[in-house]
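1. Got a predicted structure plus its sequence, pasted below:
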Amino acid sequence: MSKQLIRRYWDCANARDWDGFAATLHPEVEYRVPQTRERIRGIADYVAFNAGYPGDWTLEVVRLLTDGDEAVSEIAFHVEQQTLNGICFFTIQDGLIRRIDDWWPEPYEAPPRAVATERY
């Protein structure tokens, strides 16, 4: 059930189906971005945050893992001729998404290492 819920969440976001998106969320949903220390609470504000995101973007689910009332997804977020990788940790309560911790790793050059590493 968790896997279908998270897939629906991303499918609705990608389709800009904000009513369907809202239907995946718990009334007390909490969204957090740890890097920027931003937090949004409640369905209306969270939907508005996503609906107002600038640019002509699309996303695709790269990986989705679920375990009971927890899930994690990796997405490829395509916007303005670049692709960003996002990782979301979901907590599910009463069959709806209650909390989202959204991580957006930025690419960077690896520093010199004392041990041999392999690049891929």
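-> Nice, thanks for sending it over.

2. check contacts around Ala22.
-> Applying CB atoms under 8 Å, 6 or more residues apart in numbering to Ala22 gives the contacts Ile43, Val47. All C-beta atoms are positioned from the backbone trio N, CA, C, and that covers glycine.

3. ok, now how distant is it from Leu64?
-> 20 Å (CB to CB, to the nearest Å).

4. which residues of the chain fall in strands?
-> 25-33, 38-41, 57-67, 70-79, 82-93, 96-103 (DSSP state E).

5. Please name whichever of those is nearest to Ala48.
-> Closest to Ala48 of the strands of the chain, according to CB to CB: strand 38-41, at 8.8 Å.

6. So what's the gap between the closest one and the chain middle?
-> 14 Å (CA atoms, centre = their mean, to the nearest Å).

7. likewise stretch 79-97?
-> Per CA atoms, centre = their mean, the centroid offset for stretch 79-97 relative to its chain is 1 Å.

8. what is the rounded mean pLDDT of it?
-> The average pLDDT for stretch 79-97 rounds to 94.

9. Please enumerate residues in contact with it?
-> If you take CB under 8 Å, 6+ apart as the criterion, stretch 79-97 is touched by 1-2, 5-6, 9, 24-27, 29, 55-57, 59, 62, 69-77, 98-105.

10. Pull out the buried residues from it.
-> Neighbour counts using 16 or more other CB atoms under 10 Å place Cys88, Phe90, Ile92, Leu96, Ile97 of stretch 79-97 among the buried residues.

11. Generate CSV for the residues you listed, with distance to Asp45 as supplementary columns.
-> CSV is the format used below for the buried residues of stretch 79-97 (distance: CB to CB, whole Å):
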residue, distance to Asp45
Cys88, 17
Phe90, 18
Ile92, 20
Leu96, 16
Ile97, 14
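
12. Quick check: the farthest pair among those residues?
-> Cys88 and Leu96 (15.0 Å).
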